[in-house]
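Test case, fold it:
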Amino acid sequence: MGPFVDSTGLMGNGPALAERMRADGYLFLRGLLPADAPRLLQRQIGAIAREAGWLRADAPVEDALADLNGFCVDPDPTYLTVLRRINRLEDYHALKHHPALIGLFERMLGGPILPHPRVLMRNIFPTQQDFTTKAHQDYPNVQGTTEVYTAWIPLIDCPLETGPLQVAAGSHTGEVYDFDIGAGAGGIEIVNAFDDRWVSGDFALGDVLIFHSLTVHKGVPNRGNRLRMSMDVRYQLAGEPFNLDNANADGQPLAWDNIYAGWQSDALQYYWQRMDLTLKDFDRVWFDKRDNRAFELAEADDPRAMSVLQRIVARDADAAKRARAQALLDRLASGQRHRG
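Sure thing, here's the model as predicted:
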């Protein structure tokens, strides 16, 4: 794994940022955000995480020292319960509107920007290598247009030992790569290894990694003692097609009215509904491939299917499909108990 190309010196130069993104599929930017912005948000999220048993009770929340007794992962119901509490935080949604982020995307893309309503919180426990996020692309999840860009924002200082993100440089120039199912974000893992392209580096508070929706990326294993806390927020030109599914809060069955309850301001509420957007339907082709593969493995009593089955139960709109996934989960769990 090599080091990131540092694009910090290009932050004020939109055409140069666009050229670097076209070449590499990512931008690593030191100090794009003032450090206090992620720091203050981490304290709010950390208080919820500590109450949930994810952080040690005998340490300050800003230290983010993990309590492995609270280990859980998305889409476990325990994890999603905590995620829903985080999703109600006003500052959690406000960070994606920070002028430093909006200004950079306006310079790079050359027009008005739509920040996606959905925000994704990542809480990665240490010493749980099997659950390190596997290689994947964001496009099958976000769709609308390929010209969607993810800003990966750590909420703590994140050296390599704490498990930041790594990207396969230049991998954005192809289509959607072949994949199999796996634990981690989206429940998939790309088959192509990209052995000679992986780059990463140490992150400090305020550093941001931005990458194209087709750029292959994955987690670095968290080998430290801290809960790796980070956010994914996504951006596109407001004039590009938008998949309205990105206006659903991930893992969140509550209506936005419930999320907004208790907010101090309504300025950022339903902001996308005030924009003249071109909508494009979600294409389930990649999700159907993932889900069919999970059902195939589950019918063969292969426990690798469990993560995807949990995602179907937690998020799929088809009640019959959810019921089938739950029945297979119960069967797999019963088989594991008997083998144990």
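
For the residue lying closest to residue 88 once chain neighbours are set aside, grab the count of nearby residues.
Excluding the flanking residues, the one nearest residue 88 by Cβ to Cβ, 6 or more residues apart in numbering is residue 259, at 5.4 Å. Where C-beta positions appear, they are placed from N, C-alpha and C, glycine not excepted. Residues lying near residue 259 (other Cβ atoms under 10 Å) number 19.

just use 51 as the starting number from now, easier for me
Happy to do that; since the first residue is 51 now, the last one works out to residue 309.

hmm, who's touching stretch 183-191?
Outside stretch 183-191, the residues that touch it by Cβ atoms under 8 Å, 6 or more residues apart in numbering are 172, 174, 196, 198, 200, 218, 226-227, 229, 232-236, 238-240, 242, 244, 263-269, 284, 336-337.

Restricting to C-alpha, output stretch 360-368 in CSV.
What follows is stretch 360-368, C-alpha atoms only, in CSV (Å, rounded to 0.1, in the frame of the first residue of the first chain):
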residue,chain,number,x,y,z
GLN,A,360,-29.6,-9.1,7.8
ARG,A,361,-29.5,-6.2,5.4
ILE,A,362,-32.6,-7.5,3.6
VAL,A,363,-34.5,-7.9,6.9
ALA,A,364,-33.5,-4.4,8.0
ARG,A,365,-34.0,-2.5,4.8
ASP,A,366,-35.8,-4.2,1.9
ALA,A,367,-39.3,-3.0,1.0
ASP,A,368,-40.6,-6.4,0.0
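
how far does it sit from the chain's center?
Distance of stretch 360-368 from its chain centroid, counting by Cα atoms, centre = their mean, to the nearest Å, is 18 Å.

Quick check: next helix or strand after the lengthiest strand in the chain?
Longest strand in the chain by number of residues (criterion: DSSP state E): strand 278-287. Note on strand 278-287: by DSSP states H and E, the next helix or strand toward the C-terminus is helix 306-310.

then that next one to PDB, C-alphas only?
Extracted in PDB, the C-alpha atoms of helix 306-310 (Å, rounded to 0.1, in the frame of the first residue of the first chain):
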ATOM      1  CA  TRP A 306     -37.800  13.100   8.600                       C
ATOM      2  CA  ASP A 307     -40.300  14.900  10.700                       C
ATOM      3  CA  ASN A 308     -39.200  12.700  13.600                       C
ATOM      4  CA  ILE A 309     -35.500  13.200  12.800                       C
ATOM      5  CA  TYR A 310     -36.100  16.900  12.800                       C
END
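
If you count contacts, what does the helix or strand just after it end up packed against?
Following helix 306-310 in sequence order, the next helix or strand is helix 335-349 (DSSP H and E). The elements that helix 335-349 packs onto, with contact taken as 3 or more Cβ pairs under 8 Å, 6 or more residues apart in numbering; DSSP states H and E, are strand 229-231, helix 356-365, helix 369-389.

could I get the ones you listed as TSV with distance to residue 191 and mean neighbour count?
Listed next are those as TSV, based on distance: least, Cβ to Cβ, whole Å; neighbours: other Cβ atoms under 10 Å:
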stretch	distance to residue 191	mean neighbour count
strand 229-231	12	20
helix 356-365	11	22
helix 369-389	18	13
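
just so I know, which of these lies nearest residue 87?
helix 356-365 (29.4 Å; Cβ to Cβ).

The closest one to helix 369-389, inter-axis angle?
140 degrees (axes from the mean of the first three to the mean of the last three Cα atoms, to 10 degrees).

Against residue 353, how distant is residue 283?
Residue 283 is 33 Å from residue 353, where distance means Cβ to Cβ, to the nearest Å.

The two: who's more crowded?
Per other Cβ under 10 Å, whichever of residue 283 and residue 353 has more neighbours is residue 283, with 24 against 13.

so what's that one up against?
By Cβ under 8 Å, 6+ apart, the neighbours of residue 283 are 145, 146, 151, 165, 166, 169, 170, 200, 201, 203.

neighbours around the spatially closest residue to it that is not a sequence neighbour, how many?
Spatial nearest neighbour of residue 283, chain neighbours left out: residue 146 (4.0 Å); criterion: Cβ to Cβ, 6+ apart. The tally of other residues near residue 146 (other Cβ under 10 Å) stands at 21.

quick one: residue 146 and residue 289, what's the gap?
Distance from residue 146 to residue 289, by Cβ to Cβ: 19 Å.

for residue 150, phi and psi?
Here the main-chain torsion angles of residue 150 (degrees, to the nearest 10) amount to phi -70, psi -40.
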